[in-house]
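In: From the sequence below, what's the structure:
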Amino acid sequence: MAGGRRCPGGRSSTRLQVGSSNSNNNNSGSVPSGNSNSNNAGCYNNVDDKRNHNNMNEQINVGRTLAPKHIPVPSVPFDGQIHFEALSLATSLVVAALQLLNLYKTIWWLPHSYNDYSMNFYLMDPYLLIFIITMAARQLVHAIICKSMDSVIPQKWLPFAQRVMRILLFTVVMGILLWCLYHMNQRHSTIKIFYLCYPSVSFYFLMFGFSIRPFFDISSPPLYVKEDRKTKFLLDKPLHNCSLNATAIRAEVASLQLDFNKRLKKALFASSGSAYLCGVAPVIFIPQHLHYDFGWVAQHVIFIWLGRLGTHLCQSYPVRYCDVLHRAALHLGKWSKFDSKNVHIPIQSWNDGILWPHGSVVRHNKELYRSEGLCTAAEPGNPTHHRFHAMFGNPSLFQFSLFVLELTIVVAQFMILFRAREWYRTLSMCLLLMTNYCTLYRLFRDYLVSYKLYHTEQIIQEKAQITMANNAQ
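Out: Residues are numbered from 1 along each chain as shown. Predicted structure coming up:
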């Protein structure tokens, strides 16, 4: 009877031992049947518990296999809000001064010249200069005030205080601008005032509505500050959540796409506003008898817009932010169309609640698709999901495209500089090159970090896919 008290792992051996125990009990009659039934019930319960535990371990192992392995991103230096706004203000003032130089230059070096200065300052409208400086400096003033309020006002009162501060600052800025427009209207025609205000105001309301906040922090997306030991680095929001729920993954990708589009919209508006304010506004208010080179002035406006666009894109999409989108793209995966003539391949109907493993073949909208990557939560044939994975499946390509854009600008400016003969053109192009060097360096650094990081990650992912394929076989 000692063998009847053990609980083997297999069902067949259990049944065999239970049968022998019952036959012995019937023959001897010395062992009560209740004890035998309780022992058998305990054996079956232990077997079921082991099976449930094994199934749970299998599900956990499958989930771990499907989850992509993320590589930690190194701490890449990132410009703070005040630092970036200070550089933006300096750049805006420099490019505006260069445009004024292109318009009001003189030939003061000639021996019989009546000009004592390099520019005809008396032809410039001082109220236009105040207008440009006020519009260019509003974001830096707002950033400094917000930084001061963060260190003084308690956290629970901070949102309300910032809202009140923006209203007061908006009132002051609009008062200065209206004062400038009033005096400019006394000197110039109303149509020039219309050309100055209408494009910017209409474009702003078209993109942001009646919100005051984008008027001050258009070029500075919200940031979280995280301390790692004694080193501070900035981490952009939103954050990535490693999930194995297909619906949650698609929802996260949708929110990241919305945030990416908002940053792109802000970068386009900020660069276009700088180009119009610093490049086009001085041209609107030039005297009618003044002669200038229209082609050179228009070229200067284009370089202002491209240079500021590259700077704002570099600020809006740093390495850590692109890594957040990359991690979501790995969980999202992608589908490729599959033309199968092999009837032995198992094909399933696509289900939006399933996280499909690598190599799965599904049917959706009368088309066949094969999953690529460790896991796939995307909808087959969805162009939005396909573009998201194509762009951020390897973020180094996105960083490389920004670097190529900035490098093209710098190379074009170098070619124009070599062909320049006039002194003001040489000075103008040299200063424009200096404003683009910092952005070019940052984009090249971000590309090198991204390339090395995601090249290593790609090798790890390929090894994981090979392991999954071998296990499936």
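In: At which residues are the helices of this structure located?
Out: 11-28, 33-66, 81-104, 126-152, 158-187, 190-208, 246-275, 281-284, 294-316, 319-332, 383-392, 395-419, 423-472 (DSSP state H).
In: so who does the closest residue to Phe444 other than its chain neighbours touch?
Out: Counting by C-beta to C-beta, 6 or more residues apart in numbering, Phe403 is the residue found nearest to Phe444 once chain neighbours are left out, at 5.6 Å. Quick note: C-beta positions are derived from backbone N, CA and C, even for glycine. By C-beta atoms under 8 Å, 6 or more residues apart in numbering, Phe403 lies in contact with 440, 443-444, 446-447.
In: possible to save those residues as a markdown table with neighbour count, distance to Lys463 and pLDDT?
Out: Output for the contacts of Phe403, formatted as a markdown table (neighbours: other C-beta atoms under 10 Å; distance: C-beta to C-beta, whole Å; pLDDT from 0 to 100):
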| residue | neighbour count | distance to Lys463 | pLDDT |
| --- | --- | --- | --- |
| Leu440 | 18 | 36 | 95 |
| Leu443 | 24 | 31 | 94 |
| Phe444 | 16 | 30 | 95 |
| Asp446 | 24 | 26 | 92 |
| Tyr447 | 21 | 25 | 93 |
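In: Closest one of these to Gly80?
Out: Of all the contacts of Phe403, Gly80 sits closest to Asp446, with 16.7 Å by C-beta to C-beta.
In: residues in contact with the closest one?
Out: 76, 314, 318-319, 399, 403 are the contacts of Asp446 under C-beta under 8 Å, 6+ apart.
In: try it again with 7 Å
Out: By C-beta atoms under 7 Å, 6 or more residues apart in numbering, the contact set of Asp446 is 76, 318-319, 399.
In: Kindly report the same for Arg419.
Out: Applying C-beta under 7 Å, 6+ apart, no residues qualify as near Arg419.
In: Please shift the residue numbers so they start at 643 in all later answers.
Out: Sure thing, new numbering starts at 643, so read that last one as Arg1061.
In: Roughly how far does it sit from Trp938?
Out: 12 Å (C-beta to C-beta, to the nearest Å).
In: how about the helices of the chain in TSV, adding distance to Gly1015?
Out: Listed next are those as TSV, based on distance: least, C-beta to C-beta, whole Å:
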stretch	distance to Gly1015
helix 653-670	39
helix 675-708	10
helix 723-746	35
helix 768-794	41
helix 800-829	41
helix 832-850	35
helix 888-917	12
helix 923-926	50
helix 936-958	27
helix 961-974	7
helix 1025-1034	8
helix 1037-1061	15
helix 1065-1114	8
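In: Figure out which of these is closest to His1000.
Out: That would be helix 1065-1114 among the helices of the chain, by C-beta to C-beta, at 5.4 Å.
In: could you check the angle helix 1037-1061 makes with that closest one?
Out: Helix 1065-1114 and helix 1037-1061 are oriented at 160 degrees to each other (axes from the mean of the first three to the mean of the last three C-alpha atoms, to 10 degrees).
In: Next, the angle from helix 1065-1114 to helix 961-974.
Out: 30 degrees.
In: Run a quick check on His1027 versus His973, I expect a contact.
Out: No: His1027 is beyond contact range of His973, at 11.5 Å (criterion: C-beta atoms under 7 Å).
In: between the two, who's got more neighbours?
Out: Using other C-beta atoms under 10 Å, the more surrounded residue of His1027 and His973 is His973, with 29 against 23.
In: about what we covered before: for Pro714, state which of the contacts of Phe1045 is nearest.
Out: After measuring the contacts of Phe1045 against Pro714 - C-beta to C-beta - the closest member comes out as Asp1088, at 16.3 Å.
In: For Asn1036, give its distance to Arg969.
Out: In terms of C-beta to C-beta, Asn1036 sits 12 Å off from Arg969.
In: higher neighbour count, the two?
Out: The residue with more neighbours, out of Asn1036 and Arg969, is Arg969; 22 against 19, by other C-beta under 10 Å.
In: Outline the domain layout of the protein.
Out: Taking automatic domain parsing as the domain assignment, the ranges for the chain are 645-691, 723-766+859-1114.
In: Check which residues of stretch 826-843 are buried.
Out: Neighbour-count burial for stretch 826-843, counted by 16 or more other C-beta atoms under 10 Å, picks out 826, 830, 834-835, 838, 842.
In: Tell me which two of those sit farthest apart.
Out: His830 and Ser842 (17.1 Å).
In: Stretch 922-937: end-to-end distance?
Out: 13 Å (C-alpha to C-alpha, to the nearest Å).
In: Show me what it is in contact with.
Out: 738, 741-742, 744-745, 765, 767, 770, 774, 830, 834, 837-838, 939, 943.
In: for this protein, which spans come out with low pLDDT?
Out: Applying pLDDT under 70 to the chain picks out residues 643-709, 755, 861-882, 982-986, 1106-1107, 1109-1115.
In: circling back to that earlier point, single out the most deeply packed of the helices of the chain.
Out: helix 961-974 (a mean of 24; mean count of other C-beta atoms under 10 Å).
In: list the helices and strands that helix packs on?
Out: strand 873-878, helix 888-917, helix 1025-1034, helix 1037-1061, helix 1065-1114 (3 or more C-beta pairs under 7 Å, 6 or more residues apart in numbering; DSSP states H and E).
In: so what does the third one touch, helix or strand wise?
Out: This means helix 1025-1034. Counting by 3+ C-beta pairs under 7 Å, 6+ apart, helix 1025-1034 packs on helix 888-917, helix 961-974.
In: quick revisit: and of the contacts of Asp1088, the nearest to Pro710?
Out: Val961 (18.3 Å).
In: Can you tell me how far that closest one is from Asp767?
Out: Distance from Val961 to Asp767, by C-beta to C-beta: 44 Å.
In: again, but for Ser916
Out: 20 Å.
In: With His933 instead?
Out: From His933 to Asp767 the distance is 18 Å (C-beta to C-beta).
In: So for the two, which residue has more residues nearby?
Out: Remark: of His933 and Asp767, Asp767 carries more neighbours, 18 against 7, as counted by other C-beta under 10 Å.
In: Run a quick check on that one versus Gln828, I expect a contact.
Out: No: using C-beta under 7 Å as the test, Asp767 is too far from Gln828 to be in contact (10.5 Å).
In: Would you mind listing the residues in contact with the closest residue to Arg892 other than its chain neighbours?
Out: Leaving aside its chain neighbours, Arg892 sits nearest to Ala1019 (5.9 Å; criterion: C-beta to C-beta, 6+ apart). When contacts are counted by C-beta under 7 Å, 6+ apart, Ala1019 touches 888, 891-892, 973-975, 997.
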